[in-house]
Structures are given as structure tokens and as C-alpha cells.
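**Student:** structural data only, the sequence is not supplied:
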């Protein structure tokens, strides 16, 4: 089993407690992919046991069913431009996450990703490969549906003490919505992080803290805030 994901979850949860310990308490939380599991725990929607169960089983199934069959690539371009490029690859690559105005992640077949990277580099578009060998947030995740829904059947979310803005459905969610089916969608569907941040900005949120050992989304958040004026 890939241990990176459980360790990353543990770090995010621990850092959130550090912030809370010095008096920084969130008015709302938003999470990116696996980070949404940590966000749901911090919000009080999931117990630590249920959050850990989701992370461990998700990681195990990715390692046994998806690893070696795909990949992911980050592209520094607008979503519309990326989608236009993807049209030339016949459905072998899809948008996995839109993090900001000029920050898109795609996932799909390794050979097609190689072709996309070569095309972007030729055209002067910044592109980098994400250090994974699987294609999250895309059609390949369908093969995990039965297994993931089965092992997460016992997850019991509740109404949290902090509101959660979902990157899956693009709105505030009642914690009880975040059941097994929700967590499958969290892995299967594109991550709408940029639109979630834009939604928060539109509601008056003005201070954002990325709780991560590797704050890779700071630039994306800044891009959303700047675009909103």
C-alpha cells in the first residue's frame, strides 16, 4: 500500500491542530482531493476513525487497482485552452482538477500524457508531471466503485461544527451528505478547487491558510483572489 497518502493526511490533521492551538480557528474549510477528508475531520463531520478508514482504503485500492495504468500532469494554462488541447487525444486524457485561472491538472493514459507534455513544451506552455502513476479524478476510477463503496459503507458523517465548502458539488454541504457515495465521487470526479475558492471570495472570505507540509496551492488561491479583484 502507498503510505504517502495516509502520512499526508496525518500531517494535515496535525497542522490543523497546531493552528487551532495558537488561536486560528476557521470560519469554513475547503479540501483538495484527499485533503477534503482532512477538512471534513477538522470540521467535525467525520470522526478520526472514519476519516482514517477512508484514507487507508482509498490508498489501498489506488495501489492495487490503479497504480501503473495512468498518470497526472499539471498545466499552467486556462481550462478552456487545456480542454481544446485534450480534444486532440480522443478521450484518453481528461481534466482532473481546476485549481485556479491558470492551474489545471489532467489525468489519463501515460502515452497520451507524454504527447500532451511534448505539445505544451513545444508551444511554450509550462507543464510538469505529477509524481504518481495512476489517474485520479477520471474514468479509470470507475473500476474502484464497488470496492470503495463496500468498504466505506459503515462511514457515518454528521453535522460539523465548521461549514464545509465542497470541491465535488461546488457549494456548502451538510455534513450528513458526506457518506460513502460522496467519498467515491471525491476520487472519481474533477476537483473544483478554483471555483470553490472563488465561491468563498464571493461570500466575503478574505484570509486563506493552506494546511499542508507542501503548500502547492497557494499560487492557485492567489490567482483566484486576484482574478476576483
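**Tutor:** Yes, it's here. Just so you know, these numbers come straight off a predicted model, no measurement behind them. Numbers count the residues shown, from 1 in each chain.

**Student:** where do the helices sit along this structure?
**Tutor:** Remark: helices assigned in the chain by DSSP state H are 4-21, 35-42, 48-61, 79-86, 110-122, 145-151, 180-188, 193-202, 218-227.

**Student:** tell me which of those helices is the most buried.
**Tutor:** helix 35-42 (a mean of 26; mean count of other CB atoms under 10 Å). Every C-beta, even on glycine, is put in place using the N, C-alpha and C of the backbone.

**Student:** run through who's touching stretch 11-23.
**Tutor:** With contacts defined as CB atoms under 8 Å, 6 or more residues apart in numbering, stretch 11-23 is touched by 35, 38, 41-42, 48, 51, 209, 211-213.

**Student:** adding pLDDT and distance to residue 190, write those residues out as TSV.
**Tutor:** Formatted as TSV, the contacts of stretch 11-23 follow (pLDDT from 0 to 100; distance: CB to CB, whole Å):
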residue	pLDDT	distance to residue 190
35	94	15
38	95	19
41	96	23
42	95	23
48	96	28
51	97	22
209	92	24
211	90	22
212	86	20
213	79	24
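
**Student:** check residue 228 and give its pLDDT.
**Tutor:** pLDDT for residue 228: 87.

**Student:** do residue 86 as well
**Tutor:** pLDDT for residue 86: 97.

**Student:** how far away is the nearest residue to it once chain neighbours are set aside from residue 188?
**Tutor:** Distance criterion CB to CB, 6 or more residues apart in numbering; nearest residue to residue 86, sequence neighbours excluded, is residue 93 at 5.2 Å. Distance, residue 93 to residue 188, using CB to CB, to the nearest Å: 16 Å.

**Student:** isn't the residue nearest to residue 86 right next to residue 114, touching?
**Tutor:** No: taking CB atoms under 8 Å as the definition, residue 93 is not a contact partner of residue 114, at 10.5 Å.

**Student:** shared neighbours, the two?
**Tutor:** The overlap between the contact sets of residue 93 and residue 114 (CB under 8 Å, 6+ apart) is empty.

**Student:** number of residues surrounding residue 27?
**Tutor:** By the criterion of other CB atoms under 10 Å, residue 27 has 11 neighbours.

**Student:** same thing with residue 109?
**Tutor:** 18.

**Student:** next, the contact list for it, please.
**Tutor:** 69-71, 92-93, 135.

**Student:** which pLDDT value goes with it?
**Tutor:** Residue 109 is given a pLDDT of 97.

**Student:** could you do residue 53 as well?
**Tutor:** Confidence at residue 53, expressed as pLDDT, is 96.

**Student:** quick one: contacts for it?
**Tutor:** Residues in contact with residue 53 (CB under 8 Å, 6+ apart) are 151-152, 154-155.
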